[in-house]
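Participant: Show me the folded form of this:
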Amino acid sequence: MKIIYGLLMSAAMLMSLSCNAKDAGANNEQTARMLIMQYFPGQASIVENKKPFVRKGDFNADGIDDLAVLFLPNTKLKTSKQLKVSMPWVYPGVKPSKTYHQSLAIFNGDQSGWKSSNIRVFALLDTLGVLETPSFELLISRKNDKDYKSHSVMLPIKSSGDLIIIPTEAGIDTYVYWDKNEYKLLEPEEIP
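Facilitator: Residues are numbered from 1 along each chain as shown. I've put the predicted structure just below:
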């Protein structure tokens, strides 16, 4: 009887853990929708056709969770007190389109929660469609992952924040990282 009770309790705990993981993912998605509506009212929408469209990590290494969210701007976004807008996917000789493609918003969390007026938002806009390629997936390398060091060693600065990894069609990972003031893009040289 004790064995059966133990098995039932173990099964209940496993079910509880898997439900919590699902709930956490759903909570991140709900939070991402709320943040996009709050900081880009009528200016953008969530890109829900890509799963996952939101990833949680400590990207700026302050010990507080941040969110990286795929979104689609439908108008020009302007830098403000809380919002910093950049266009990291601009290349010499390549003319960007006049419309925005799927882009990346990073919300730096605050200890007071997601409704805090201290939230800093970074919009990394894409006018070339880099984040819409078939190989694109929003990936994260956390600082406690075994492969984090192999990713972070390429960065031009020492970083202790989680990294956002953006695979390319050429099979070369690119990285979005925190440089102590803003998010930068690193595109390693192609090695033949």
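Participant: Return the helix or strand in the chain with minimum mean pLDDT.
Facilitator: helix 2-39 (a mean of 59; mean pLDDT, DSSP states H and E).
Participant: Run me through the strand neighbours of the very next helix or strand once past that helix, direction for each.
Facilitator: Downstream of helix 2-39, the first helix or strand assigned by DSSP states H and E is strand 44-46. Sheet pairing of strand 44-46 (DSSP bridges) gives strand 66-73 (antiparallel).
Participant: Now the strand it pairs with: buried residues?
Facilitator: 66-73 (16 or more other C-beta atoms under 10 Å). C-betas here are computed from N, CA, C, even on glycine.
Participant: can you check stretch 105-123 too?
Facilitator: Within stretch 105-123, the residues that count as buried by 16+ other C-beta under 10 Å are 105-110, 119-123.
Participant: what sits against the residue nearest in space to the middle of the chain?
Facilitator: Residue closest to the mean C-alpha point of the chain, counted by C-alpha atoms, centre = their mean, is residue 68 at 2.3 Å. Contacts for residue 68 were tallied using C-beta atoms under 8 Å, 6 or more residues apart in numbering; they are 54-57, 59, 104-106, 138, 140, 164, 176.
Participant: Next, the residue nearest to residue 62 when sequence neighbours are not counted: phi, psi?
Facilitator: Counting by C-beta to C-beta, 6 or more residues apart in numbering, residue 62 lies nearest to residue 108, which is 7.5 Å off, once chain neighbours are set aside. Main-chain torsions, residue 108, degrees, to the nearest 10: phi -80, psi 120.
Participant: repeat for residue 105
Facilitator: phi -110, psi 130.
Participant: what's the distance between it and residue 173?
Facilitator: Using C-beta to C-beta, to the nearest Å, residue 105 is found at 20 Å from residue 173.
Participant: And for residue 45?
Facilitator: To residue 173, residue 45 is 27 Å away according to C-beta to C-beta.
Participant: can you put the buried residues of stretch 105-123 in TSV and add pLDDT?
Facilitator: Below are those laid out as TSV (pLDDT from 0 to 100):
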residue	pLDDT
105	97
106	98
107	97
108	97
109	95
110	94
119	94
120	96
121	97
122	98
123	97
